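Asker: here is my input; please provide its structure:
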Amino acid sequence: MRHHSTNRKFGRETDIRAALIRSLASALIERGKIRTTEAKAKELRPYVEKLITRAKKNDLASKRILESRTGSPRLVKMLTDTIAPKYMKRAGGYTRIVKVIPRASDASKMAIIEFV
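Answerer: Residues are numbered from 1 along each chain as shown. Sure, this is the predicted structure:
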């Protein structure tokens with residue numbers, strides 16, 4: 001049964017869905033702002049915010065967990081050295097989702113997700 005199962009499936013299997021979220025997160029961390037569908041942005045937000053909260057601790061255990069979640073030591077370095085220090089005094093809400101006009105080809109709802 002799907003009682004209280006709130007994550008979106010995106011028509012993908014579990015491993016592929018996890019890879020999608022991980023690649024969207026890495027693009028957001030590298031660029032600071034990405035344009036994607038509204039559903040993917042809403043699913044990406046809690047994932048990235050948990051990464052930033054973890055990066056704020058900046059200890060070895062946190063870095064190892066971040067590397068397992070992002071798959072890249074380069075992204076962990078960006079998170080701990082540049083992104084997390086900006087939000088040290090902020091208790092959450094590190095990202096913003098801005099809705100934009102629908103995609104022309106299939107009229108999918110689009111959004112821009114960016115760091116505040």
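Asker: show me what the top helix by length along the chain is packed up against.
Answerer: Criterion DSSP state H: the longest helix present in the chain is helix 38-57. Applying 3 or more CB pairs under 8 Å, 6 or more residues apart in numbering; DSSP states H and E, we find helix 38-57 packed against helix 14-31, helix 60-70, strand 95-100, strand 110-115. Every residue, glycine included, has its C-beta placed from N, CA and C.
Asker: what sits up against the second one?
Answerer: For helix 60-70, the surrounding residues in contact (CB atoms under 8 Å, 6 or more residues apart in numbering) are 22, 25-26, 29, 51, 54-55, 73, 75-76, 79-80.
Asker: follow-up on the earlier one: need the winner for burial among the helices and strands packed on helix 38-57.
Answerer: strand 110-115 (a mean of 18; mean count of other CB atoms under 10 Å).
Asker: how far off centre is it?
Answerer: Distance of strand 110-115 from the chain centroid (CA atoms, centre = their mean, to the nearest Å) equals 10 Å.
Asker: now it: average pLDDT?
Answerer: Throughout strand 110-115, pLDDT has a mean value of 98.
Asker: before we move on, what about stretch 77-90?
Answerer: pLDDT averaged over stretch 77-90 gives 96.
Asker: about what we covered before: most widely separated two among the contacts of helix 60-70?
Answerer: Greatest spacing in the contacts of helix 60-70, by CB to CB: Arg22 and Thr80 (17.6 Å).
Asker: can you say which of the helices and strands packed on helix 38-57 is nearest to Leu44?
Answerer: Short answer: helix 14-31, nearest of these by CB to CB, at 5.0 Å.
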